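Enquirer: All I have is the shape, not the residue letters:
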Ligand code: GDP
Ligand code: GDP
């Protein structure tokens, strides 16, 4: 599981600054689920080979009328879902009543909390430490987010902490639920609220010849459901909580960005659900961006296709073509999770996408394809020398990574990389998975 770190604190203490610094090392993926998460931001980051997710909670002002209101706030979900909380305070401003209110809350939640005093540039370290130690959350770690000071020791402390084992989940009677061994193809059903994920998950599990193993357990909040269909093993990662049996944080809203992100990371194939009646909206694109960046295989399910008239259907199809060009590799299904139409066929695309994502091709064959591609269409000249591409091999799966060896590879234009991608995709008949072409070699 990818650890989740939440940045919490009053406005202006420097949360966004730290967020940007942490996520900058990689493509920052910022989800702005308008109306859903208010100003919460989610980003992916990596430190010393360890991927983690950062949430900038934005929301707590400390002016909330008491803990109840604070509890009701959206930031609370982020705290609940985090493995570690970085509680940020402003070293220049000193301790405030808002800080104290937040500290009280954090102490009660019994979350793994690190007190971080930001803006230590120009502040007197000794007086800071003393002042904030009164918050009852241990000694503060002093940083200057804006200047990158002390960030590495901070990450070291947070990420090298021995992780608490996955919380043991229990059912209503307090019996411990077993952990689940994922089998076969791991499928995550993803989409924004109310598009029909729960309905679809139930349909998929209710399909003809599906045998659901009675050992659904939890990994964090998502439920892993192993099953077989036509003797083929799968595991559904249920983010919507359809089959929820354990007693899990009551305050958590039904749709959770963190669960969604982790399910995407943990899946082989994502079934991305869109509501035909609403068309492709900004939130869909935002979420789909995460899926594409993750490199997971992808099947698009346009749901609630029942009861749409012909002109509406036509309109949705045009709209899909226009807005989803960046996911062209994915197969599109028009389904009704409610009535079950089209649901069985989803499995076909899932299987195909999974096989493509896991494809194995010998280096000899890969090199032949490369040679043919180069013959057909030469790479350009750079500094009056032709770029030479010598051989290719598969360097990874899910997504397939095609490593091309040659010289002057730094000068290869994007359009040529796209040409190679398309060629490999066509020749190897890869469907439903993104592929990545990477280069090795100097000048
Ligand atoms: P947020 O509201 O908690 O997200 O705070 P911001 O990240 O927007 O920062 C608030 C202000 O503090 C901005 O003007 C930042 O430039 C400034 N700031 C952030 N980190 C530092 C720091 O390490 N030192 C100083 N002096 N200023 C900082
Ligand atoms: P989730 O939030 O994505 O899990 O969405 P749900 O599965 O809870 O569905 C949201 C609403 O859409 C419910 O009222 C469902 O009955 C309805 N719904 C789901 N699938 C379909 C469908 O294929 N057709 C129609 N007409 N309604 C659907």
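Expert: In hand now; what should we look at? Model, not experiment: these values are computed from the prediction. Ligands and ions are numbered 1, 2, ... in the order given.

Enquirer: which secondary structure element contains the nearest residue to residue 90 once chain neighbours are set aside?
Expert: Closest residue to residue 90 apart from its sequence neighbours, by CB to CB, 6 or more residues apart in numbering: residue 13 at 4.4 Å. For the C-beta atoms, the positions are set from N, CA and C on the backbone; glycine is no exception. Under the criterion DSSP states H and E, no helix or strand holds residue 13.

Enquirer: Tell me how many other residues surround residue 13.
Expert: 26 (other CB atoms under 10 Å).

Enquirer: So it sits against residue 132, correct?
Expert: No. Residue 13 lies out of contact with residue 132 (CB atoms under 8 Å); the separation is 11.6 Å.

Enquirer: okay, and the common contacts of those two?
Expert: When contacts are counted by CB atoms under 8 Å, 6 or more residues apart in numbering, the set common to residue 13 and residue 132 consists of residue 89.

Enquirer: next one: phi and psi at the residue nearest to residue 90?
Expert: phi -80, psi -20 (degrees, to the nearest 10).

Enquirer: Distance of it relative to ligand 2?
Expert: 35 Å (CB to the nearest ligand atom, to the nearest Å).

Enquirer: so what's residue 21 up against?
Expert: 145, 148, 151.

Enquirer: nearest spatial neighbour of the last one, skipping sequence neighbours?
Expert: Closest residue to residue 151 apart from its sequence neighbours, by CB to CB, 6+ apart: residue 143 at 6.1 Å.

Enquirer: Would you map the helices across the stretch 151-300 of the chain?
Expert: 151-159, 197-206, 257-266, 282-294 (DSSP state H, counting those that start in this stretch).

Enquirer: among those helices, which is nearest ligand 2?
Expert: Among these, helix 197-206 comes nearest to ligand 2, with 3.4 Å by CB to the nearest ligand atom.

Enquirer: what helices or strands is that closest one leaning on?
Expert: Using 3 or more CB pairs under 8 Å, 6 or more residues apart in numbering; DSSP states H and E, the elements in contact with helix 197-206 are strand 185-190, strand 232-238, strand 269-275, strand 297-303, helix 343-357.

Enquirer: in that helix, what's buried?
Expert: Neighbour counts over helix 197-206 (16 or more other CB atoms under 10 Å) mark 197, 198, 199, 200, 201, 203, 204, 205 as buried.

Enquirer: my read: the fifth one touches residue 238, true?
Expert: Pointing back at residue 201 there. Yes. Counting by CB under 8 Å, residue 201 does reach residue 238; the two are 5.5 Å apart.

Enquirer: Run a quick neighbour tally on the residue nearest to residue 151.
Expert: 26.

Enquirer: quick one: contacts for the residue of the stretch 301-443 of the chain found nearest ligand 1?
Expert: The stretch 301-443 of the chain approaches ligand 1 most closely through residue 326 (30.1 Å), counting by CB to the nearest ligand atom. Listed by CB under 8 Å, 6+ apart, the contact set of residue 326 reads residue 292.

Enquirer: Do you know the pLDDT at it?
Expert: Per-residue pLDDT puts residue 326 at 85.

Enquirer: Provide the backbone phi and psi angles at it.
Expert: phi -80, psi 0.

Enquirer: Repeat that for the one 5 residues further on.
Expert: Backbone torsions of residue 331, given as degrees, to the nearest 10, read phi -80, psi 140.

Enquirer: Beta-bridge partners for it, please?
Expert: Beta-bridge pairing for residue 331 (DSSP bridges): residue 299.

Enquirer: number of nearby residues for it?
Expert: Residue 331 has 17 nearby residues by other CB under 10 Å.

Enquirer: Surely residue 116 is in contact with residue 90?
Expert: No. Taking contacts as CB under 8 Å, residue 116 lies outside contact range of residue 90: 10.3 Å.

Enquirer: ok, the two, which is more surrounded?
Expert: residue 116 (30 against 21).

Enquirer: which residues sit against the host helix or strand of that one?
Expert: Taking DSSP H and E as the criterion, the element that holds residue 116 is strand 113-118. With CB under 8 Å, 6+ apart as the test, strand 113-118 has contacts from 13-14, 17-18, 84-91, 106-107, 123, 128-129, 132, 135, 137-145, 154, 157-158.

Enquirer: Please produce a PyMOL select command covering the buried subset of those residues.
Expert: Filtering those down to the buried ones (16+ other CB under 10 Å) takes a single PyMOL command:
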select buried, resi 13+14+17+18+84+85+86+87+88+89+90+91+106+123+128+129+132+135+137+140+141+142+143+144+145+154+158
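
Enquirer: Of the contacts of strand 113-118, which are in range of ligand 1?
Expert: 13, 14, 17, 144, 145 (CB under 6 Å from any ligand atom).
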